[in-house]
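Asker: Model the following, please.
(chains A and B)
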Amino acid sequence: MPSGPRGPAGEADEIAAFLATAGVARGARILDAPCGIGRRAFALAERGYRVTAVDPNEVAIGALRARVPAELAAHLEFRHASHETLPGPPVSDTFDLILCLDHAVGRGLPEEDTAFLERLRGHLAPGGFLVLDLLQRDFFASRPRPFAYHVVAGLEQHEFRTFNPITGALDLTWKFYQQEGKDLRFRGSSSAHLRLLAPHEARQLLQEGGWHLEAVYGGWGREAVSPDRRKLILVARPAARVK
Amino acid sequence: MPEEHWTRRLFQDHEEIFLRIHEHGWDAGEEQARDLKVLFDRFGVPAGARVLDVPCGIGRHSTRLAKMGYRTLGLDLTATYVERAQELAQREGVADRATYRVGDMRDLARSVPPEERPFDVAMNLWTSLGYYGEETDAAILRGYHALVRPGGIFVLFVVNRDWVVKHFDPQGWEEYGDLVDVEDRHLDLDASWMRNRWRFFRKKGEDLEGIATVPVEHRIYSLHELRSLLERAGWEVAGTFGGYKLDPPTFDSQLLVVGRK
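Answerer: Numbers count the residues shown, from 1 in each chain, chains lettered A, B, ... in the order given. Got it, this is the predicted structure:
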């Protein structure tokens, strides 16, 4: 069954391997913002990192807090912060690594992205760095895949995609179905409008937010960037001088 | 017991599913048939010529060609499609020139009695080759060859392996009215076969009600392979195109190959 290599468990391992190679030791403090439904926050905490996960979705954060098992409580904290203040107070909190996963920029206005990246800078401990995981424009521009689906625990998620080369925006609609024998029972839908970036545009965005792009990869395995890779993994450090 | 071949499952056990897909493609046949006439003229097929169309589905090409004055015989494995083709030919007022019968492309000799031969044109359209493997394909192409007069032509339209490789998408979604098809596709490069699994659903409100899951597997060919396959079967390759519009073939096109006897 094609739940495929993009399944959640596999990805957490890939991220952990990426961090290990980058020299991020167990026990390092990680900020995961926005953390979504917390899949990677849990997985990284289980691997010994000290994770603070923040998201504007208050309901999700409440539910995630309740799910933190006692043995992870010292390693994993979920916090709520509004979209405008993400990652939220206290400003004095600093981290060895900041993770922005699942295309956390390009969802609103470009100036909001810049402000978000500038706020993140204040949360970085000396010697720390930022890792951004974005969908790559060139992949979706050159390999239009109008449909994809995957199945997790009997829940089948259908994804319909439209890429507009004029605006560089990817429109996604998801429909969720429960598998019941041969039938698929509709359980809900959601959608997203994402501005996609080519590698040079990502570099410029980071620069505007006060970051220097140190390395860019085509995937968590440090693959070379190419239009055949759907992701951009960006590693950035604070720019020497804030513009 | 050997597993039932997927063509039997898709075109016979679940013939109602593919009937819907045939009906969906009926309108597109109008323009394709006009393009086929341009092709016939270019390759010197005379007006009123005899055309053999196997497999014919519901006759979306042949019935239109009959309206242009050709005399057509269409064969299909599925009786339901043949009956629908007869009905549509009647509706279009060409039942006297467009004949439809049940018949198997692997057994053309038996499906077409001597008094109906020879044909000026034989056609195999809409990727109807590769279902039974390369050796059977060569035999099928010899079958068409035996039924066409010397100087007559063969028109083959299939998906282009190079297109599949370049644009490969492992999953797909097709909609035909309230019929939905969720596809898993596997490209077996070692054998050059597409190995698909098509899951069919009926839309019921927002739910999708499962109808059937059918494997769809076929050999896919690049242009140079089709050329040698045709030549093995006795055809001289007289034209290679990227589709019904007779544009040149590319990695981004379908394949339409014309053979001459």
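Asker: Run through the residues of chain A sitting next to chain B.
Answerer: Residues of chain A found near chain B (CB under 8 Å from any CB of the partner chain) are A:2, A:143, A:145-149, A:158, A:160, A:175, A:177, A:181-186. The C-beta positions use only the backbone N, C-alpha and C, and glycine is treated the same way.
Asker: Mind checking which of these are buried?
Answerer: Buried subset of those (neighbour count, 16 or more other CB atoms under 10 Å in any protein chain shown): A:Pro2, A:Arg145, A:Ala148, A:Tyr149, A:His158, A:Phe160, A:Lys175, A:Tyr177, A:Asp183, A:Leu184.
Asker: Restricted to strands, list the residues of chain A next to chain B.
Answerer: Members of those lying in strands (criterion: DSSP state E): A:Phe147, A:Ala148, A:Tyr149, A:His158, A:Phe160, A:Lys175, A:Tyr177, A:Asp183, A:Leu184, A:Arg185, A:Phe186.
Asker: Let me have those residues in CSV, extended by pLDDT.
Answerer: Below are those laid out as CSV (pLDDT from 0 to 100):
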residue, pLDDT
A:Phe147, 96
A:Ala148, 93
A:Tyr149, 94
A:His158, 96
A:Phe160, 96
A:Lys175, 95
A:Tyr177, 96
A:Asp183, 97
A:Leu184, 97
A:Arg185, 97
A:Phe186, 96
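Asker: Closest one of these to A:Phe18?
Answerer: A:Ala148 (23.5 Å; CB to CB).
Asker: how about the closest one, what does it touch?
Answerer: By CB atoms under 8 Å, 6 or more residues apart in numbering or on different chains, the contact set of A:Ala148 is A:His158, A:Glu159, A:Arg161, B:Gln171.
Asker: Please check the residues you listed and keep the buried ones.
Answerer: Those of the contacts of A:Ala148 that meet the buried threshold are A:His158, A:Glu159, B:Gln171, by 16+ other CB under 10 Å.
Asker: surely the second one meets A:Tyr149?
Answerer: Yes: applying CB atoms under 8 Å as the test, A:Glu159 and A:Tyr149 come out as touching, 6.5 Å apart.
Asker: Look up the residues forming beta bridges with the nearest residue to B:Gln171 once chain neighbours are set aside.
Answerer: Of all residues not flanking B:Gln171 in the chain, A:Ala148 sits nearest, at 5.0 Å (CB to CB, 6 or more residues apart in numbering or on different chains). Assessed by DSSP bridges, A:Ala148 has beta-bridge partners A:Glu159.
Asker: Would you mind measuring from A:Ala148 to B:Trp163?
Answerer: 20 Å (CB to CB, to the nearest Å).
Asker: Please report phi then psi for the residue lying closest to B:Val158 once chain neighbours are set aside.
Answerer: Once flanking residues are discounted, B:Val158 sits nearest to B:Thr127: 4.7 Å by CB to CB, 6+ apart. Backbone torsions for B:Thr127, taken as degrees, to the nearest 10, come to phi 50, psi 60.
Asker: Pretty sure B:Thr127 sits against B:His218.
Answerer: Yes: under the criterion of CB under 8 Å, B:Thr127 makes contact with B:His218 at 7.3 Å.
Asker: quick one: stretch B:131-147 to chain centroid distance?
Answerer: Relative to its chain's centre, stretch B:131-147 lies at 13 Å (CA atoms, centre = their mean, to the nearest Å).
Asker: same deal with stretch A:208-216?
Answerer: On CA atoms, centre = their mean, the centre of stretch A:208-216 falls 16 Å from that of its chain.
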